[in-house]
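[1] got a sequence here, can you build the structure:
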Amino acid sequence: MTSPTLIDSHCHIVFRNFEDDLEAVASRWRQAGVVSLLHACVEPAEIPAIRALADRFPEMRYSVGVHPLDTEHWQDSTAVVLRQAALDDNRVVAIGELGLDLFRDKNLSEQLDVLRPQLDLAVELDKPVIIHCRDAAEPMLEELRSRRSEGRCPAGVMHCWGGTPDEMEAFLDLGLYISFSGTVTFAKAAETHECARRVPQDRFLVETDCPFLAPVPRRGKRNEPSYVTAVAARVAELRGQSLDEVATTSTANARRLFGLP
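    Predicted structure coming up:
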């Protein structure tokens, strides 16, 4: 029996806890049917190492950006650095992960100062954005709606979705995709389950966000790209679809959004 074809649309394997067994990790994702993966960037110092991983694993594409919890890494020159990194390598398919996080930090104005130039860069380069949004749906929607009214709201994805169905509808209305991670397998994630049931067929992705948020039954352990199968299986169960159908759909959606191979 062959594995369904899947794309892990958001991962972080540049971290040290992959150093000792990355070839084995890659072997497992290939065996699981993961044909492409998108490595997210949280701050510019990561870019050379992520680029080296893309050299090593031809199925990898990546983003460049600054995470809202890494605002201390934003400098006057950062937008120029990100632009050049994106122009230098056609494997850069997105800007991010960017966004707002008011769960851990309350520095909204500082986070907006880092978010806005990255959204501008995405529009300039015609690349989608990878949006991290935690306890910040209202200010994020306000920012994106304002941009849409001016014709400068980029395409993109709400990664590691954990919001309410109403919030999801608002982001969908802005043209964004919704990406489900291992949290969709957690028993108490009722709102995420409802979102997975309701999201339109052509607007959802699956991801691991590894090494974080390993899906059930590996919860609490290091996550890895091969485990995206468990995410897709749970989404399929919630939608009353087969794993093959969810794999085919989410893969097509990821390829369309990010221009993946």
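[2] thought T251 was touching S9?
    No. Judged on Cβ atoms under 8 Å, T251 makes no contact with S9 at a distance of 9.3 Å. The C-beta positions use only the backbone N, C-alpha and C, and glycine is treated the same way.
[3] the two: which has the busier surroundings?
    Set T251 next to S9 and count neighbours by other Cβ atoms under 10 Å: S9 wins out with 33 against 23.
[4] confirm for me that that one is in contact with V206.
    Yes. Look at S9 against V206 with Cβ under 8 Å: they come within range, at 6.6 Å.
[5] which residues are common contacts for these two?
    Shared contacts of S9 and V206 (Cβ atoms under 8 Å, 6 or more residues apart in numbering): S179, S250.
[6] apart from its chain neighbours, what residue comes closest to R222?
    Nearest residue to R222 in three dimensions, chain neighbours excluded: P211, at 4.8 Å (Cβ to Cβ, 6 or more residues apart in numbering).
[7] how much space between the one you found and T192?
    20 Å (Cβ to Cβ, to the nearest Å).
[8] between these two, which has more neighbouring residues?
    Under the criterion of other Cβ under 10 Å, the comparison of P211 against T192 puts T192 first, with 26 against 18.
[9] do I have it right that that one meets T183?
    Yes. T192 is in contact with T183 according to Cβ under 8 Å; the separation is 5.6 Å.
[10] quick check: neighbours shared by these two?
    With Cβ under 8 Å, 6+ apart, T192 and T183 have common neighbours W161, G162.
[11] give me the longest helix you can find in the chain.
    Ranked by number of residues, the top helix in the chain under DSSP state H is helix 108-125.
[12] name every strand pairing with the helix or strand following that one and say which way it goes.
    Using DSSP states H and E, the helix or strand that follows helix 108-125 towards the C-terminus is strand 129-134. Sheet pairing of strand 129-134 (DSSP bridges) gives strand 92-101 (parallel), strand 156-158 (parallel).
[13] report the distance from the first one to the chain centre.
    Chain-centre distance of strand 92-101: 8 Å, with Cα atoms, centre = their mean, to the nearest Å.
[14] okay, the angle between that strand and helix 108-125?
    160 degrees (axes from the mean of the first three to the mean of the last three Cα atoms, to 10 degrees).
[15] in the chain, which spans are strands?
    Under the criterion DSSP state E, strands of the chain are mapped to 6-11, 34-39, 60-64, 92-101, 129-134, 156-158, 177-180, 204-206.
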